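Colleague: Model the structure of this input:
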Amino acid sequence: MTDKEKAEKVVDLMFNNDPFSQWLGIMRVGADKGTAKLQMTIRKEMLNGFSIAHGGITYSLADSCLAFASNSHGRQSLSVETSISHTCPLYEGDVITALAEEISLTHKIGIYHIKIINQKEQSVAFFKGTVYRTSKDWDLNKEN
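Modeller: I've put the predicted structure just below:
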């Protein structure tokens with residue numbers, strides 16, 4: 001199994017058991033070793049009192065992207081610290097894409113940057129996540 005096939009298998013296993021990411025309407029655009037690319041559309045029920053997307057929406061997309069990217073190596077990993085900076089408001093109908101980049105990977109810790117852009121390719125948020133890498137591997141023989 002190639003690294004890409006392994007990453008895609010792990011993301012499939014995770015996504016198929018992740019009702020929250022499914023509820024958000026996340027679409028998996030790609031996955032590879034140490035990276036993931038996700039996309040979703042801002043819906044009316046995701047807006048706050050200012051008629052812009054609630055900050056938790058971009059945070060949740062980035063958090064899912066972090067989970068998929070950090071687990072793509074085949075070891076179960078869990079976030080231990082995350083932060084986000086919002087740089088541009090989002091409105092109903094906007095399509096946003098999150099792309100995770102692996103910055104550092106050791107035996108126990110992984111650090112990732114996730115950039116979120118809108119359909120105009122404008123940066124709308126920057127997320128940093130640190131994960132703890134457990135010693136437990138994903139069971140890739142398991143059915144989705």
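Colleague: contacts, neighbours, all on C-alpha from now
Modeller: Noted.
Colleague: Mind pulling up the pLDDT for Asp3?
Modeller: Here the pLDDT value assigned to Asp3 is 89.
Colleague: swap in Glu143?
Modeller: 62.
Colleague: I'd like the mean pLDDT over the top helix by length along the chain, please.
Modeller: Ranked by residue count under DSSP state H, the longest helix found in the chain is helix 55-71. Averaged across helix 55-71, pLDDT comes to 98.
Colleague: List the buried residues of the following helix or strand past that helix.
Modeller: Sequence-wise, the next helix or strand downstream of helix 55-71 (DSSP states H and E) is strand 75-86. By neighbour count on 16 or more other CA atoms under 10 Å, the buried set for strand 75-86 is 75-79, 82, 84.
Colleague: Can you show me the strands along the protein?
Modeller: 27-32, 35-41, 75-86, 95-105, 109-117, 123-137 (DSSP state E).
Colleague: Run me through the strand neighbours of the fourth one, direction for each.
Modeller: Yep, that's strand 95-105 we're talking about. strand 35-41 (antiparallel), strand 109-117 (antiparallel) (DSSP bridges).
Colleague: What are the contacting residues of that strand?
Modeller: The contact list for strand 95-105, computed with CA atoms under 8 Å, 6 or more residues apart in numbering, reads 34-42, 61-62, 65-66, 69-70, 110-119.
Colleague: I only care about these that end up buried; give me the ChimeraX line for that.
Modeller: With 16+ other CA under 10 Å as the criterion, this ChimeraX line picks the buried residues out of those:
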select :34,35,36,37,38,39,40,41,42,61,62,65,66,69,70,110,111,112,113,114,115,116,117,118
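Colleague: before we move on, the earlier item: make CSV out of the buried residues of strand 75-86 and add distance to Gly93 and pLDDT.
Modeller: As requested, the buried residues of strand 75-86 are exported to CSV (distance: CA to CA, whole Å; pLDDT from 0 to 100):
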residue, distance to Gly93, pLDDT
Arg75, 36, 96
Gln76, 34, 97
Ser77, 32, 98
Leu78, 31, 97
Ser79, 29, 97
Thr82, 27, 98
Ile84, 22, 98
